[in-house]
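Colleague: Compute the structure for the input listed below.
(one chain, ligands or ions: 1)
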Amino acid sequence: MDKLLVQGPCQLNGEVEISSAKNATLPILAATILCPYAVKFVGIPDLMDVGTILKLLQSMGIKVSKHDHEIVIDATQLDNQHADYTLVKTMRASVLVLGPLLARYGQASVSLPGGCAIGARPVDIHLTGLEKMGAHIEIENGYIKAKCNKLKGAVVSFPFPSVGATENIMMAAVLAEGETVIENAAQEPEIDDLADFLMSQGVRIEGAGTSRIVIHGMKLSELKAPSKPYRVIGDRIEAATFIIAGIMGGGEVKVKGFNPSHLQYVLDVLTKMGAKFEIGSDYVLVHQSPRLKGAMIETLPFPGFPTDVQAQMMALMSLVEGNSVVTETIFENRFMHVPEMIRMGAKIQLKGNAALIEGVESLSGAPVMCTDLRASAALILCALVAHGQTEVQRVYHLDRGYEKIDEKLTKLGANIQRVRG
Ligand code: UD1
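Modeller: Got it, this is the predicted structure:
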């Protein structure tokens, strides 16, 4: 298992190019199951999770050819509609193949994803939505066994705006008979990007990016191959991580290649805390700021504060003047970075789903362990400014969702060495 050795503290300066969003790439690649032709993508990030979804598509007989960041996926023919436990257990987002498989082939057998480090993460909302569209679903031997003659458009009203469920139902609705309305849909920018990808093939979708999405079902023969290669949007979570790194590193960092409006809430919080930056059309230029002040945040579905930036924000809050409070409302166990950060000198108390953070003057390097993707990012942020060496173990969590984060930080002036193992 690789580990990272980070020598701190360091000042960061320069420019960093943000990769395409992992959380948009995964559903969009899953959506190619709907396409009876080859689809070309550019700028696909080199991430472990992207590798996993490509392996999953290949395991079904879909042809994938890859040259650096360009990928062609040809799902004209499939051999099977099975997503095996061996792959699904390594990445929960694999469940996104369920909607498109069912829509195109009338059957699917997809391993039920188990819980993960940050919470139980059931998929009941996905399944009841598909049942509403006429699917017959049973859980057998750890697999979701789904069948239908033809999915039918329906009004699917979610009890909670689940990102994955919105994506699964949207994809299923493309080849359903009639119109599907998703009420209380997730509004994340990644949903909008999936809609853009589908619309580039003639699908009619209204309201993506709002809480009510309408998808007009069509026949397979009516789908048309996109006229140009598709590029997925920039990763707002990676961008937020680098913006926070820039603020913590105390230099001038230009974070470019994403849409800053996707981070409005985070940027507003940072402004209130005293951070100085300039916002461009596709970049944020972080300036040196005086010591920031504490803040109160609560994670919420988009456009609220993203749970995927909560851990990185806590890294920043651990060094500001005064106290901060972070309330996590999306996942029940998303504070696993806290004990590791405390070992680096942070002062944090956990009370239920809230964390009380008392800002300290400095952190010190320590051996720490990554537990999940965003927790790992938070530990790297702490390590950049901590005094001495931090040994960050189990960085495979980081490699799932951050493309070459160590190389990108090194270019900005960080002292990071990857030890392969
Ligand atoms: C996606 C993101 C993840 C992000 C999360 C919330 C991807 C690949 N992952 O995950 O990075 O942290 O959105 O922004 O895009 N829930 C249920 N039943 C369901 C579905 C969800 O109870 O059927 C609950 C979950 O347990 C969780 C909450 O709803 O507590 C949010 O989950 P959801 O929005 O579905 O997140 P994901 O799509 O899994």
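
Colleague: can we go C-alpha only for contacts and neighbour counts from here?
Modeller: Noted.

Colleague: Where do the helices of the chain begin and end?
Modeller: Applying DSSP state H to the chain gives helices spanning 22-31, 48-59, 85-88, 98-105, 124-132, 163-174, 189-199, 236-249, 264-273, 310-317, 337-343, 373-385, 396-399, 405-411.

Colleague: And the chain, what are its domain boundaries?
Modeller: Listed domain ranges for the chain are 3-18+234-419, 22-231 (source: automatic domain parsing).

Colleague: May I have the distance across the longest one, first residue to last?
Modeller: Across its full length, domain 22-231 reaches 12 Å between end residues, using CA to CA, to the nearest Å.

Colleague: one step back: out of the domains of the chain, which gets nearest to the ligand?
Modeller: domain 22-231 (3.1 Å; CA to the nearest ligand atom).

Colleague: Please export the C-alpha coordinates of the helix or strand bottoming out on mean pLDDT in the chain as CSV.
Modeller: For the chain, counting by mean pLDDT, DSSP states H and E, helix 396-399 ranks last in confidence among helices and strands (a mean of 91). Provided in CSV are the C-alpha atoms of helix 396-399 (Å, rounded to 0.1, in the frame of the first residue of the first chain):
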residue,chain,number,x,y,z
TYR,A,396,-5.5,4.3,-1.9
HIS,A,397,-8.6,6.1,-0.5
LEU,A,398,-7.2,9.3,-1.9
ASP,A,399,-6.4,7.8,-5.2
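
Colleague: So what touches that helix?
Modeller: Helix 396-399 is contacted from outside by M1, D2, L47, M48, C370, T371, D372, L373, R374, S376, A377, using CA atoms under 8 Å, 6 or more residues apart in numbering.

Colleague: does it come close to the ligand?
Modeller: No - using CA under 6 Å from any ligand atom, we find that helix 396-399 stays clear of the ligand, coming within 12.6 Å at best.

Colleague: How far off centre is that helix?
Modeller: Offset of helix 396-399 from its chain centre (CA atoms, centre = their mean, to the nearest Å): 13 Å.

Colleague: likewise stretch 332-352?
Modeller: 22 Å.

Colleague: Ends of it, what's the gap?
Modeller: Terminal-residue distance, stretch 332-352 (CA to CA): 9 Å.

Colleague: so how far is L87 from V50?
Modeller: Taking CA to CA, one finds V50 at 12 Å from L87.

Colleague: More neighbours: the two, which one.
Modeller: V50 (20 against 17; other CA atoms under 10 Å).

Colleague: Look at the closest residue to that one other than its chain neighbours and say how many residues are nearby.
Modeller: With CA to CA, 6 or more residues apart in numbering as the criterion, V50 has its nearest non-adjacent residue at 6.5 Å, and that residue is L26. If you count neighbours by other CA under 10 Å, L26 ends up with 22.

Colleague: What residues does L26 make contact with?
Modeller: L26 is in contact with D49, V50, I53, A93, counting by CA under 8 Å, 6+ apart.

Colleague: okay but the second one is in contact with K22, surely?
Modeller: Yes - in this structure, V50 sits in contact with K22. The criterion is CA atoms under 8 Å, and the distance is 7.4 Å.

Colleague: re the thing from before, which among the contacts of L26 count as buried?
Modeller: The neighbour-count test (16 or more other CA atoms under 10 Å) marks D49, V50, I53, A93 as buried among these.

Colleague: restrict these to contacts with the ligand.
Modeller: A93.

Colleague: Just flag the most distant two among the buried ones among the contacts of L26.
Modeller: Within the buried ones among the contacts of L26, V50 and A93 form the most distant pair, 10.2 Å apart (CA to CA).

Colleague: Write out the residues of the protein neighbouring the ligand.
Modeller: 23, 93, 120-126, 162-165, 307-308, 330-331.

Colleague: Please indicate which of those are buried?
Modeller: Applying 16+ other CA under 10 Å to the residues of the chain next to the ligand flags N23, A93, V123, I125, H126, S162, V163, G164, A165, T307, D308, I330 as buried.

Colleague: pLDDT score assigned to the last one?
Modeller: Confidence at I330, expressed as pLDDT, is 96.

Colleague: circling back: select from the helices of the chain the stretch with the lowest mean pLDDT.
Modeller: Among the helices of the chain, helix 396-399 scores lowest, with a mean of 91.

Colleague: May I see the buried residues of that helix?
Modeller: Across helix 396-399, burial judged by 16+ other CA under 10 Å covers Y396, H397, L398, D399.

Colleague: For L223, state which of the residues you listed is nearest.
Modeller: Using CA to CA, these come closest to L223 at D399, 34.7 Å.

Colleague: distance of the closest one from E407?
Modeller: D399 sits 12 Å away from E407, taking CA to CA as the criterion.

Colleague: same check, this time on I191
Modeller: From I191 across to E407, the span is 29 Å (CA to CA).

Colleague: try A355
Modeller: With CA to CA as the criterion, A355 and E407 are 31 Å apart.

Colleague: Then G51?
Modeller: In this view, G51 and E407 are 19 Å apart by CA to CA.

Colleague: Pull the contacting residues for R236.
Modeller: Per CA under 8 Å, 6+ apart, neighbours of R236: A21, F258, N259, P260, H262, L263.

Colleague: count of residues packed around the second one?
Modeller: Counted with other CA under 10 Å, the neighbours of F258 add up to 25.

Colleague: hang on, isn't it packed against G280?
Modeller: No - the criterion here is CA under 8 Å, and F258 misses it with G280 at 10.0 Å.

Colleague: would you put the C-alpha positions of stretch 163-181 in CSV?
Modeller: What follows is stretch 163-181, C-alpha atoms only, in CSV (Å, rounded to 0.1, in the frame of the first residue of the first chain):
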residue,chain,number,x,y,z
VAL,A,163,-27.9,12.0,-5.8
GLY,A,164,-27.4,8.4,-6.9
ALA,A,165,-31.2,7.7,-6.9
THR,A,166,-31.9,10.8,-9.0
GLU,A,167,-29.2,9.6,-11.5
ASN,A,168,-30.5,6.0,-11.6
ILE,A,169,-34.1,7.1,-12.2
MET,A,170,-33.1,9.6,-14.8
MET,A,171,-31.2,7.0,-16.8
ALA,A,172,-34.0,4.4,-16.4
ALA,A,173,-36.5,7.0,-17.6
VAL,A,174,-34.6,7.6,-20.9
LEU,A,175,-35.9,4.3,-22.4
ALA,A,176,-39.2,4.1,-20.5
GLU,A,177,-42.6,4.5,-22.1
GLY,A,178,-43.9,8.0,-21.6
GLU,A,179,-42.8,10.8,-19.2
THR,A,180,-41.1,10.4,-15.9
VAL,A,181,-41.2,13.2,-13.3
